[in-house]
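> Structure of the sequence below:
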Amino acid sequence: MTAPGTGRGIGGGSWSAEETTTFGFPRDTFRILHVSTGNVCRSPITERLTRHFVAERLGVLGGGLIVESAGTWGHEGAPMESHAETVLAEFGADASGFVGRELLDEHVIRADLVLTATRDHRAQVISMGHSAGLRTFTLKEFTRLVRAIDPATLPPLEDGVVMRARALVRAAAALRGWLLAPNAEADEVYDPYGAPLTFFRSIGDEIRDALDPVVTALTGVPART
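I've put the predicted structure just below:
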């Protein structure tokens with residue numbers, strides 16, 4: 001087992017010195033943890049696209065958002081798959097320096113929001129305990145809930161992206177159970193491991209489409225058109 005690093009935040013890990021709240025959450029940062037199986041395909045794409053989209057919209061103001069990933073059967077120390085790197089490059093996102101990680105208790109404890117590729121991953125994270133249920137969603141589930149939240153009910157960005165992100169997670173958790181997926185597959189992002197580049201590209205498009213409303217809600221800034 002390895003301890004989590006200083007974070008993969010878009011602020012370059014400069015937020016490692018964190019005070020915590022009564023409930024163990026950092027006061028001035030918000031950690032997003034993306035989870036898949038091997039941490040070499042889906043979750044690296046999601047991690048790096050999230051960072052890319054946040055940086056595009058907030059620049060250095062997004063430094064309070066720490067974005068990480070791990071795998072339930074994570075290939076500890078492995079690079080991401082080459083097709084995943086290609087997909088990220090086509091989005092203009094940075095794939096450099098990525099190192100795969102196995103999901104550990106410490107990652108879940110420190111995460112303010114856990115977004116998983118599938119329902120099985122979600123169940124595995126919640127089964128680890130640490131009161132993770134209220135802050136763990138599949139990516140597409142969270143997207144569906146976020147779309148139903150009135151942005152006007154969230155704190156303005158002037159109050160800080162961390163405060164806004166925490167309010168967003170609370171609002172999404174309150175809606176869970178009221179907005180069900182149309183079918184079981186609707187909340188899944190399928191594993192492209194070993195598939196040709198064309199399938200990786202389709203998964204990259206799915207992840208981008210799911211992330212866009214999430215990042216818009218987190219930052220209060222829509223994507224550039």
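
> who touches the nearest residue to Gln124 once chain neighbours are set aside in this structure?
Spatial nearest neighbour of Gln124, chain neighbours left out: Thr72 (5.1 Å); criterion: C-beta to C-beta, 6 or more residues apart in numbering. Every C-beta, even on glycine, is put in place using the N, C-alpha and C of the backbone. By C-beta atoms under 8 Å, 6 or more residues apart in numbering, the residues touching Thr72 are 35-37, 103, 121, 124-125.

> Next: Arg48.
By C-beta under 8 Å, 6+ apart, Arg48 lies in contact with 88, 93-95, 98.

> how about the helices in the chain?
Listed from the start of the chain, the chain has helices (DSSP state H) covering 42-58, 82-91, 105-110, 119-127, 139-147, 161-175, 197-219.

> picking up where we left off before, highest neighbour count among the contacts of Arg48?
Top of these by neighbour number is Leu88, holding 23 neighbours under the definition other C-beta atoms under 10 Å.

> Skipping adjacent residues, who's closest to it in space?
If the residues on either side of it in the chain are set aside, Leu88 comes closest to Ala95, at 4.3 Å by C-beta to C-beta, 6+ apart.

> Confirm for me that the one you found is in contact with Met80.
Yes. Under the criterion of C-beta atoms under 8 Å, Ala95 makes contact with Met80 at 6.4 Å.

> what would the helices of the chain look like in JSON lines with distance to Phe30 and mean pLDDT?
Conversion of the helices of the chain to JSON lines gives the following (distance: least, C-beta to C-beta, whole Å; pLDDT from 0 to 100):
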{"stretch": "helix 42-58", "distance to Phe30": "11", "mean pLDDT": "95"}
{"stretch": "helix 82-91", "distance to Phe30": "23", "mean pLDDT": "98"}
{"stretch": "helix 105-110", "distance to Phe30": "11", "mean pLDDT": "95"}
{"stretch": "helix 119-127", "distance to Phe30": "17", "mean pLDDT": "96"}
{"stretch": "helix 139-147", "distance to Phe30": "14", "mean pLDDT": "97"}
{"stretch": "helix 161-175", "distance to Phe30": "4", "mean pLDDT": "94"}
{"stretch": "helix 197-219", "distance to Phe30": "8", "mean pLDDT": "96"}
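
> Pipe those into CSV and attach distance to Leu154 per row.
Below are the helices of the chain laid out as CSV (distance: least, C-beta to C-beta, whole Å):
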stretch, distance to Leu154
helix 42-58, 15
helix 82-91, 26
helix 105-110, 23
helix 119-127, 24
helix 139-147, 10
helix 161-175, 5
helix 197-219, 7
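
> Out of those, indicate the one that is most buried.
helix 42-58 (a mean of 25; mean count of other C-beta atoms under 10 Å).

> can you give me the offset of it from its chain's centre?
8 Å (C-alpha atoms, centre = their mean, to the nearest Å).

> go on, stretch 41-53?
8 Å.

> any idea how far the residue nearest to Gln124 lies from Ile126?
According to C-beta to C-beta, to the nearest Å, Thr72 and Ile126 sit 12 Å apart.

> For the residue lying farthest from the centre of the chain, which non-adjacent residue is closest in space?
Within the chain, Pro196 marks the point farthest from the mean C-alpha position, 24.5 Å out by C-alpha atoms, centre = their mean. Computed as C-beta to C-beta, 6+ apart, the closest residue to Pro196 that is not its neighbour in sequence is His83, at 7.7 Å.

> how close does the residue nearest to the spatial centre of the chain get to His121?
For the chain, His34 is the residue whose C-alpha lies nearest the centre (C-alpha atoms, centre = their mean; 4.1 Å). Distance from His34 to His121, counting by C-beta to C-beta: 10 Å.
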